[in-house]
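In: for reference, the sequence and a predicted model appear below.
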Amino acid sequence: MVTGIHSALSGLLALQQKTAATAHNTANVNTDGYKKVRVTLHEGVAPGTVEPRAEKIETPGPVVQEQTAAGPEMVEKSNVDLAQEMPNLMLSRRYYQANLKVVQSEDERLGSLLNIKS
């Protein structure tokens, strides 16, 4: 496989996992006791590849008092902060666009190369 395309596809797959984790966190922002997942991108084992690493962030969420059938109880809320999730999602979108541009450029370069050869 062509190195530029391989690197870009590796990045796209890693960003797909990062975006899925952000979507999951956002969907569970109001789930009591939910712990967010953070995906970080690292250099892969193979040259020019990206490896996503997911980890659960165990910091406690805010604790609030809620009225239940048994009376008032202290309940831990989710530790997801939308003020962090939305910028992460916007950055992932830009990174995704950049990787797509690499694939497009490599495709055009290979097309030109094949046209010259024929």
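Out: Everything's here; your move. Residues are numbered from 1 along each chain as shown.
In: what sits against residue 26?
Out: 80, 82, 85, 89 (C-beta atoms under 8 Å, 6 or more residues apart in numbering). C-beta: built from backbone N, CA, C; applies to glycine.
In: give me the subset of the residues you listed lying in helices.
Out: If you go by DSSP state H, the contacts of residue 26 have 82, 85, 89 in helices.
In: closest to residue 43 among the contacts of residue 26?
Out: Using C-beta to C-beta, residue 89 comes nearest to residue 43 of those, at 23.0 Å.
In: ok, how many other residues are close to that closest one?
Out: 16 (other C-beta atoms under 10 Å).
In: cool, the one 3 residues further on as well?
Out: Neighbours of residue 92 under the rule other C-beta under 10 Å: 19.
In: next up, the contacts around it.
Out: Contacts of residue 92 (C-beta under 8 Å, 6+ apart): 15, 18-19, 22.
In: widest-spaced pair of those residues?
Out: Pairwise over the contacts of residue 92, using C-beta to C-beta, the maximum falls at 15 and 22, 10.3 Å.
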